[in-house]
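give me a 3D structure for the following:
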Amino acid sequence: MGLIVNGLDDLESLERKIDTSAQRAIESLLKSHEQGVQFLERIKFERIGWHPLEDRRLNLIEQVNQTFTYLTSFRALRILFEHFPDTAFRLHLGTEPGPDIESVEPGLLAAEVFAAVSITNNNKLNKDIIRVLHYDVQHRYVFFSVPGFEPGRQPQLETTDGVQLWAMEYHASANRPSRERHNH
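All right, here's what the predicted structure looks like:
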C-alpha cells in the first residue's frame, strides 16, 4: 500500500515522529542498569527501542537501522520534490513490496534507498541498481547515506544508463527544519 507523501509538510511531520521515537529509546536506555555484555544483549534482543513512525516497540538495533533508512528516504524526497514539484510520492518502508520510493503517477519514477557504513556493504548499491532497473518508469534513482560521500549526485559511480545515483547527508540534523520553528 505505501505511505503517500504530498509535500514538505508531510515530511516534517514524519521527521518529528522519528525524533519522538528516538527520544523514547534514549529514555529506555537511561533507565537501564545493565553493564557490559548484558547491556549489549538488551540492545540487540530486547524491545527497548521504538519503531521510527509507529507506536510500537522494537529492538534498538532495528530502530537505528530503520531510522537512518527512513531519514535517507526523506532527504531523497526533498530532492525529488525539487525536481518534480507537483508530484506526490509513495514510500514503501520496511519489508513492504515495491520500490522504496515511487511516484503516485504510474510510470514516472522509482527509487531505491539505503543507509550503510560503506558503499560496498552487502553489495547493496549494485543490488539496488539492478532492482530499480526492473521498474517500468521514466526516471530511476538510487539514494544512499554513506560516510565519505559529498551529498549530491554521484556521476562517477553511474555505470548503468538511466539510473541516477545520489548521496545524501548521513548526519541526523542535515536538511532538517529547526526545532524552534515548530515551537512557536
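
what's around the closest residue in space to residue 57 that isn't next to it in sequence, how many residues?
Closest residue to residue 57 apart from its sequence neighbours, by CB to CB, 6 or more residues apart in numbering: residue 47 at 3.7 Å. Just so you know, the C-beta spots here come from the backbone N, C-alpha and C atoms, and that holds for glycine as well. Using other CB atoms under 10 Å, residue 47 has 15 other residues around it.

for residue 144, same thing?
Residue 144, neighbours per other CB under 10 Å, totals 25.

which ones are touching it?
72, 113-116, 119, 124-125, 128, 165-168 (CB atoms under 8 Å, 6 or more residues apart in numbering).

neighbour count, pLDDT and secondary structure added to those, as TSV?
Listed next are these as TSV, based on neighbours: other CB atoms under 10 Å; pLDDT from 0 to 100; DSSP: H, G, I helix; E, B strand; the rest coil:
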residue	neighbour count	pLDDT	secondary structure
72	24	96	helix
113	27	97	strand
114	22	96	strand
115	23	95	strand
116	19	95	coil
119	19	90	coil
124	18	94	helix
125	21	96	helix
128	22	96	helix
165	22	98	strand
166	22	98	strand
167	21	97	strand
168	26	95	strand
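
where's the residue nearest to residue 57, which helix or strand?
For residue 47, there is no host helix or strand (DSSP states H and E).

how about stretch 19-26: buried residues?
For stretch 19-26, burial by neighbour count (16 or more other CB atoms under 10 Å) applies to 21, 22, 24, 25.

repeat that for stretch 76-93.
Neighbour-count burial for stretch 76-93, counted by 16+ other CB under 10 Å, picks out 76, 77, 79, 80, 81, 84, 89, 90, 91, 92, 93.
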